[in-house]
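> Provided below are the primary sequence and the corresponding predicted coordinates.
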Amino acid sequence: MGNKKVIKYSVTEKGRQLCKMVLEPYEEIFPRSEKSVQEQG
């Protein structure tokens, strides 16, 4: 059971821009609640 591989991925700048492009409109439509903002920060 101890033979699991862990693969670490690094986020590229292109992927980061894509993520922002997709998520930012949703952030405006559905703003996060104060509780979840504090948990992240």
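All right, it came through fine. Residues are numbered from 1 along each chain as shown.
> C-alpha only now, for contacts and for neighbours.
Will do.
> secondary structure class for residue 7?
coil (DSSP: H, G, I helix; E, B strand; the rest coil).
> number of nearby residues for it?
Residue 7 is flanked by 6 other residues according to other C-alpha atoms under 10 Å.
> tell me the contacts of the most centrally placed residue in the chain?
Nearest to the geometric centre of the chain sits residue 19, at 7.5 Å (C-alpha atoms, centre = their mean). Listed by C-alpha atoms under 8 Å, 6 or more residues apart in numbering, residue 19 has no contact partners.
> now for it, which secondary structure element holds it?
Taking DSSP states H and E as the criterion, residue 19 maps to helix 13-29.
> CA atoms only: put that helix into CSV for me.
This file holds the C-alpha atoms of helix 13-29, laid out as CSV (Å, rounded to 0.1, in the frame of the first residue of the first chain):
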residue,chain,number,x,y,z
GLU,A,13,1.6,31.9,-15.9
LYS,A,14,-0.7,31.0,-18.8
GLY,A,15,-2.7,28.7,-16.6
ARG,A,16,-3.0,31.4,-14.0
GLN,A,17,-4.3,33.9,-16.6
LEU,A,18,-6.8,31.4,-17.8
CYS,A,19,-8.0,30.7,-14.3
LYS,A,20,-8.5,34.5,-13.7
MET,A,21,-10.2,35.0,-17.0
VAL,A,22,-12.7,32.2,-16.1
LEU,A,23,-13.2,32.9,-12.4
GLU,A,24,-13.3,36.7,-12.3
PRO,A,25,-16.8,37.1,-13.9
TYR,A,26,-18.1,34.6,-11.3
GLU,A,27,-16.5,36.5,-8.5
GLU,A,28,-18.4,39.6,-9.5
ILE,A,29,-21.7,37.7,-9.9
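> if we can go back for a sec, any idea how far the residue nearest to the centre of the chain is from residue 13?
Distance, residue 19 to residue 13, using C-alpha to C-alpha, to the nearest Å: 10 Å.
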